[in-house]
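>>> Model the structure of this input:
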Amino acid sequence: MKQILKRGQLLIALFALGIYHSLAQSSAGIDQATAEVSSYVDPVSNLIIAIGAVVGLIGGVRVYIKWQSGDQDTQKAIMGWFGACLFLILVGVVIKAFFA
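Residues are numbered from 1 along each chain as shown. Sure, this is the predicted structure:
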């Protein structure tokens, strides 16, 4: 009976060590993935901000052309382009803040 009890304790100890080892491996993988993603955050964020600047320039030119031609929906175009630029710039800033 003592031998069966010792075998049971040994199996439980081996099982616990196996779980501990597998958790240690998964946390190392998660740490590596976090470092990999963090290395891409700044370039992606800067790219999004640059795209927002280009969209702003294009929008400004299109609104200016509408304004010069006397279109009635100039304010609607201004709000649409301004909203798009603001969204892109805020996304770039939020990505940096989220992963910092």
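>>> Off-centre distance for the lowest-mean-pLDDT helix or strand in the chain?
Among the helical and strand segments of the chain, the one scoring lowest on mean pLDDT, DSSP states H and E is helix 2-69, with a mean of 79. Distance of helix 2-69 from the chain centroid (Cα atoms, centre = their mean, to the nearest Å) equals 8 Å.
>>> could you give the angle of the next helix or strand after that helix to helix 2-69?
For helix 2-69, the following helix or strand on the C-terminal side (DSSP states H and E) is helix 74-99. Put simply, helix 74-99 runs at 150 degrees to helix 2-69, going by axes from the mean of the first three to the mean of the last three Cα atoms, to 10 degrees.
>>> Could you give me the buried positions within helix 74-99?
For helix 74-99, a neighbour-count test (16 or more other Cβ atoms under 10 Å) marks 74, 77-78, 81, 85, 88-89, 92, 95-96 as buried. (C-beta placed from N, C-alpha, C; glycine too.)
>>> And for stretch 38-52?
The neighbour-count check on stretch 38-52 (16+ other Cβ under 10 Å) flags 45, 48-49, 52 as buried.
>>> Mind picking the two most distant members of those?
The span of the buried residues of stretch 38-52, defined through Cβ to Cβ, is set by Ser45 and Gly52 at 10.7 Å.
>>> what do the two both touch?
In terms of Cβ atoms under 8 Å, 6 or more residues apart in numbering, Ser45 and Gly52 are both contacted by the residues Gly92.
>>> No further questions, thank you.
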